[in-house]
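Student: The following comprises the amino acid sequence and a computationally predicted model.
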Amino acid sequence: MIEETILNTIKRYNLIEPNDTIIVAVSGGPDSMCLLNNLIELKQELQIKELVVAHLNHMIREEAKSETVYVQEYCKNKEIDCYVKFVDILKKSTELKIGTEECGRREGRKVRYAFFDEISEKVGANKIAIAHNRNDNAETVLMHLLRGSGISGLGGIKPYREGKFIRPLIKCDRADIENYCEEKNLQPKFDKTNKDNTYTRNRIRNELIPYIQREFNPNIIETLDRLSELVLDEEEYMQNTTGKVLAEVLIEQENTRIVLNLKKFNQLEYAIKTRIIMQITKILFGTSNGIEKKHVEDIIKLCGNNIGNKFLMPNKNYRVFVKGGKVSFEKIKNCFLN
């Protein structure tokens with residue numbers, strides 16, 4: 001039963017603790033409605049202090065209005081506070097001169113997380129539950145693979161992130177989720193754009209995965225999920241190791257600058273050097289997005305030459321230079337990674 005899978009996932013990854021106040025991201029679709037309904041049913045058993053709902057309307061589809069009303073009515077019946085925000089993605093994409101898919105991913109993400117922060121501050125929430133499922137994870141792994149992602153990308157979607165984002169449905173199959181909604185008579189709303197194969201993820205979901213299931217491996221979802229688990233376990237170990245090694249080569253750390261011992265850094269294995277550079281970037285900028293393999297290779301080469309030349313990233317906001325037996329990573333003022 002899906003209820004058992006969800007409870008086991010919560011316990012396995014320690015996603016929920018007693019007295020948690022949880023924001024549940026709800027679109028009105030099968031996944032988020034299954035998540036919300038299950039958390040309501042588990043509230044007493046898991047000693048959840050409070051559940052509140054966050055609903056974001058991207059104003060792309062006409063039927064999105066009815067989805068908002070549906071979520072609000074459900075929450076009213078369950079006596080749960082529901083916070084709603086509207087963002088015009090089509091207008092945003094026109095202003096930024098980018099495609100709707102990219103805008104929804106990039107700008108929608110910014111608005112979504114700002115919305116979560118706003119609600120968290122208002123209600124004192126410490127967890128945010130998101131309804132990604134096992135199929136979503138498989139699609140993400142394939143998408144990262146096709147884009148040439150590094151090993152970490154094959155880890156797919158983590159069951160938890162940053163200690164507050166939790167995904168209790170991450171081990172649930174989409175078909176089981178939809179069956180649950182039918183059994184519980186939840187009558188969720190289905191997003192018609194999920195059938196639109198102009199979007200990359202939809203093509204992977206609707207064309208690539210069915211083709212692989214039909215021609216190569218009918219259990220590809222489970223296979224990719226196992227791969228994801230293995231990679232996440234390995235990544236966790238490597239991240240911990242990288243943190244320890246970084247502490248050993250660290251000379252100085254400030255808000256906008258990190259300085260390492262050049263000799264010790266040059267003696268490290270290539271894989272650890274790469275991870276240290278990415279970790280330093282994340283510390284300075286809050287993200288490692290925008291840093292590509294060629295940038296990392298250039299930095300390692302610069303350090304290996306032991307020369308005093310400075311290296312400036314193409315986006316003009318990240319400087320790395322070698323001098324006096326030290327390598328310094330600096331964030332240039334008022335600049336941020338894209």
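Tutor: Nice, thanks for sending it over. Numbering: from 1, shown residues only.

Student: Show the backbone phi and psi for residue 166.
Tutor: The phi and psi values for residue 166, taken as degrees, to the nearest 10, are phi -120, psi 150.

Student: Give me the secondary structure label for the nearest residue to it once chain neighbours are set aside.
Tutor: Computed as CB to CB, 6 or more residues apart in numbering, the closest residue to residue 166 that is not its neighbour in sequence is residue 15, at 4.1 Å. Where C-beta positions appear, they are placed from N, C-alpha and C, glycine not excepted. Put simply, residue 15 is coil when judged by DSSP: H, G, I helix; E, B strand; the rest coil.

Student: Based on its surroundings, how many neighbours for residue 15?
Tutor: Counted with other CB atoms under 10 Å, the neighbours of residue 15 add up to 21.

Student: Touching, it and residue 158? I think so.
Tutor: No. Using CB atoms under 8 Å as the test, residue 15 is too far from residue 158 to be in contact (11.0 Å).

Student: Now for these two: what residues contact both?
Tutor: Contact criterion CB atoms under 8 Å, 6 or more residues apart in numbering; residues shared by residue 15 and residue 158: residue 167.

Student: got any ranges where the protein has weak pLDDT?
Tutor: For the chain, the stretches with pLDDT under 70 are 59-61, 88-108, 307-316, 333-338.

Student: where exactly do the strands run in it?
Tutor: 21-25, 50-57, 82-86, 127-129, 160-161, 165-166, 250-253, 257-261, 310-312, 318-323, 326-331 (DSSP state E).

Student: which secondary structure elements does the longest one contact?
Tutor: By that I understand strand 50-57. Here strand 50-57 touches strand 21-25, helix 30-46, helix 64-78, strand 82-86, helix 100-123, going by 3 or more CB pairs under 8 Å, 6 or more residues apart in numbering; DSSP states H and E.

Student: How about the fourth one?
Tutor: Counting contacts by 3+ CB pairs under 8 Å, 6+ apart, strand 127-129 packs against strand 21-25, strand 165-166.

Student: hmm, 10 Å instead?
Tutor: strand 21-25, helix 30-46, strand 50-57, helix 100-123, strand 165-166 (3 or more CB pairs under 10 Å, 6 or more residues apart in numbering; DSSP states H and E).

Student: what does it rub up against?
Tutor: 10, 15-17, 20-26, 32, 35-36, 38-39, 48, 51, 53-54, 112-113, 116-117, 119-120, 160-169 (CB atoms under 10 Å, 6 or more residues apart in numbering).

Student: List the pairing partners of that strand within its sheet, with orientation.
Tutor: strand 21-25 (parallel), strand 165-166 (parallel) (DSSP bridges).
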